[in-house]
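> Need coordinates for the following:
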Amino acid sequence: MTGKRLLSIYFCSFYVSIFGLKNGLFFKTYSTLKSAEVLSCFKPISLSKFGNASFLEESIKRKITTVGLGVSVVFGIPGAHAISIENLPVLSPLNDVTVVQSNSISSTIEPSPAQVQEVAEAFRAFDAKELKRAERLFTNGINNWIELHRPRDEISLLYKARGNVRVDLKKFNEALMDYDTTIKLMAVDGENKDGLANYYEYPDAFVQRGLTYEGLGDWQKAVEDYTKAIKLWGGGRGSGINPYVLTFRGNALTKLGKYQESLEDYAAAGDIFSSQRDIARETDSRANYALALYETGDRESAVKIMKYIIRKNPGYADMHIALAAHAWSSNKFQVAETEWNFACNAIDVGCRKYEDLEWVSTVRRWPPSLVAELKAFLQSSPI
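Numbering: from 1, shown residues only. Predicted coordinates for the structure are as follows:
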């Protein structure tokens with residue numbers, strides 16, 4: 001049993017991922033898979049060749065049974081449905097970063113079954129949201145893999161996994177160090193001469209670090225990392241670009257006050273989601289577009305889009321409440337109260353969160369002018 005091949009299976013399994021953060025109305029997931037597609041991740045390898053195969057098979061079955069269609073995968077390429085382990089590039093050992101001391105694969109030492117099991121347990125702890133335990137186990141695994149002079153592809157993925165744990169723990173500075181290390185390890189051959197990614201983990205590391213910068217409130221660096229990931233996928237805003245990352249970049253741009261720039265990202269994300277027949281995410285993108293457009297001053301066009309959204313989806317509370325705030329600011333008091341009452345009483349999600357202006361501004365990320373109008377409505381309306 002080789003630690004490298006066994007770990008490849010674990011990493012494949014736990015790219016069925018664990019990103020529980022929310023960004024406004026967007027979840028930090030890139031693709032939703034069916035159970036059969038998750039299983040196909042493992043088809044290239046016969047698990048029976050590994051001494052611990054029975055554990056792996058049972059772990060995979062339990063994950064699929066438990067999560068079912070709710071499974072989400074952190075892929076660097078939109079629309080991808082499975083990872084072929086045999087086609088993943090094998091990274092050469094690190095020779096210019098001190099985290100690994102060996103200069104050749106022959107100098108590496110195989111991990112013991114106990115060490116492999118500990119890494120597997122780290123992934124299981126993360127999956128179970130036992131975050132402090134997962135962080136400790138991943139730290140042990142990283143230390144062991146460095147001492148064993150393991151290849152940098154394995155070590156980089158362990159750092160990345162611990163970074164994910166630390167983001168969920170809101171240890172953003174520590175997570176940033178892990179992603180910095182991950183990117184430094186992968187940079188040796190993560191990008192080809194044309195500026196494209198050689199393997200999907202490399203752009204994904206920039207996306208993860210971008211999300212971490214968001215947690216630290218460093219919106220400019222978040223934009224830079226999302227832009228780097230997009231360039232590694234081929235650049236532009238076409239079908240080959242992950243629409244969630246376009247959304248993340250659009251969100252970060254709005255935090256920098258660059259609402260006009262964000263419009264292109266939101267529009268492109270909506271078009272890609274539409275082409276993928278993901279109506280819910282398309283609607284979210286159109287809503288974000290409308291909010292950003294409102295802040296640019298083109299309120300008439302923004303309101304038209306808001307009304308279009310609720311015609312297609314009458315249960316979209318966010319736009320009803322945005323229309324209520326706008327109507328109140330336009331002295332259309334009856335319209336404002338009608339929209340608000342509909343959101344509060346006729347839609348399951350209700351309106352309670354929108355009474356918290358901090359949430360509206362920082363989590364839902366409404367633009368300042370609309371937040372101010374909502375505040376005026378809440379303070380003046382007899383509701």
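> Quick one: neighbours of Ile279, just the number.
Here the count is done by other C-beta atoms under 10 Å, and Ile279 has 12 residues near it. Backbone N, C-alpha and C define where each C-beta goes, glycine included.
> Could you check how far it is from Ser285?
As for Ile279, its distance to Ser285 is 11 Å (criterion: C-beta to C-beta, to the nearest Å).
> Can you check which residues contact both of the two?
Listed contacts common to Ile279 and Ser285 are Phe273; contacts here mean C-beta atoms under 8 Å, 6 or more residues apart in numbering.
> Double-check Ala175 against Tyr159; I have them as touching.
No - under the criterion of C-beta atoms under 8 Å, Ala175 is not in contact with Tyr159, lying 10.1 Å apart.
> Could you name the helices and strands sitting against the host helix or strand of Ala269?
Mapping Ala269 onto the secondary structure by DSSP states H and E places it in helix 259-275. Judged by 3 or more C-beta pairs under 8 Å, 6 or more residues apart in numbering; DSSP states H and E, helix 259-275 is in contact with helix 243-255, helix 279-296.
> Between helix 243-255 and that helix, find me the angle.
Relative orientation of helix 259-275 with respect to helix 243-255: 160 degrees, computed using axes from the mean of the first three to the mean of the last three C-alpha atoms, to 10 degrees.
> any residues touching helix 259-275, and which ones?
Residues from elsewhere that reach helix 259-275 (C-beta under 8 Å, 6+ apart): 78, 237-239, 241, 243-244, 246-247, 249-251, 253-254, 279, 281-282, 285-286, 288-289, 292-293, 295-296, 367.
> Filter the residues you listed down to the buried ones and hand me the ChimeraX line.
If you want just the buried ones from these in ChimeraX, going by 16 or more other C-beta atoms under 10 Å, the selection is:
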select :78,237,241,243,244,246,247,249,250,251,253,254,281,282,285,286,288,289,292,293,295,367
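> what comes up buried for stretch 341-354?
Neighbour counts using 16+ other C-beta under 10 Å place 342-344, 347, 351, 354 of stretch 341-354 among the buried residues.
> what's the closest of those residues to Ser361?
Taking C-beta to C-beta as the measure, Ser361 sits nearest to Tyr354 out of the buried residues of stretch 341-354, at 10.9 Å.
> Would you confirm that the closest one contacts Ile321?
Yes - in this structure, Tyr354 sits in contact with Ile321. The criterion is C-beta under 8 Å, and the distance is 5.0 Å.
> between the two, what contacts are shared?
When C-beta under 8 Å, 6+ apart defines a contact, the residues bordering Tyr354 and Ile321 alike are 343, 374.
> can I assume Thr283 is in contact with Asn313?
Yes - between Thr283 and Asn313 there is a contact under C-beta under 8 Å: 5.6 Å.
> circling back to that earlier point, distance to Asp194 and mean pLDDT for the helices and strands packed on helix 259-275 - can I get that in TSV?
As requested, the helices and strands packed on helix 259-275 are exported to TSV (distance: least, C-beta to C-beta, whole Å; pLDDT from 0 to 100):
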stretch	distance to Asp194	mean pLDDT
helix 243-255	20	97
helix 279-296	29	97
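> I'd like the distance from the helix holding Ala269 to the chain centre, please.
17 Å (C-alpha atoms, centre = their mean, to the nearest Å).
> for that helix, which positions count as buried?
Within helix 259-275, the residues scored as buried using 16+ other C-beta under 10 Å are 259, 262-263, 265-274.
> what's the angle from that helix to helix 279-296?
Helix 259-275 and helix 279-296 meet at an angle of 160 degrees, taking the same axes, to 10 degrees as the criterion.
> what number of residues lie near Ala229?
What Ala229 shows, counting by other C-beta under 10 Å, is a neighbour count of 25.
> which helices and strands sit right next to the helix or strand hosting Leu137?
Secondary-structure assignment from DSSP H and E places Leu137 in helix 131-147. Identification of packing neighbours for helix 131-147 by 3+ C-beta pairs under 8 Å, 6+ apart yields helix 113-127, helix 152-168.
> So which of the ones you listed is the most surrounded?
With neighbours defined as mean count of other C-beta atoms under 10 Å, the helices and strands packed on helix 131-147 peak in mean count at helix 152-168, which reaches a mean of 26.
> Would you mind identifying the next helix or strand past it?
helix 172-186.
> mind listing what's buried in that next one?
In terms of neighbour count (16+ other C-beta under 10 Å), helix 172-186 has its buried residues at 172, 174-179, 181-186.
> quick one: which of the residues you listed is nearest Leu216?
Taking C-beta to C-beta as the measure, Phe172 is the one of the buried residues of helix 172-186 closest to Leu216, at 4.8 Å.
> Could you list the low-pLDDT ranges of the stretch 1-150 of the chain?
Residues of the stretch 1-150 of the chain meeting the criterion pLDDT under 70: 1-106.
> change it to 90
1-108 (pLDDT under 90).
> again with the stretch 151-300 of the chain
238-240.
> Now stretch 295-310 - C-alpha only, PDB.
Extracted in PDB, the C-alpha atoms of stretch 295-310 (Å, rounded to 0.1, in the frame of the first residue of the first chain):
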ATOM      1  CA  GLU A 295     -26.000  51.600  -6.800                       C
ATOM      2  CA  THR A 296     -24.600  52.900 -10.200                       C
ATOM      3  CA  GLY A 297     -27.600  55.300 -10.300                       C
ATOM      4  CA  ASP A 298     -29.500  53.400 -13.000                       C
ATOM      5  CA  ARG A 299     -32.400  52.800 -10.700                       C
ATOM      6  CA  GLU A 300     -35.100  52.600 -13.300                       C
ATOM      7  CA  SER A 301     -33.300  49.700 -15.100                       C
ATOM      8  CA  ALA A 302     -32.500  48.000 -11.700                       C
ATOM      9  CA  VAL A 303     -36.200  48.100 -10.700                       C
ATOM     10  CA  LYS A 304     -37.300  46.600 -14.000                       C
ATOM     11  CA  ILE A 305     -34.900  43.700 -13.400                       C
ATOM     12  CA  MET A 306     -36.200  43.300  -9.800                       C
ATOM     13  CA  LYS A 307     -39.800  43.100 -11.000                       C
ATOM     14  CA  TYR A 308     -38.800  40.700 -13.800                       C
ATOM     15  CA  ILE A 309     -37.200  38.400 -11.100                       C
ATOM     16  CA  ILE A 310     -40.300  38.300  -8.900                       C
END
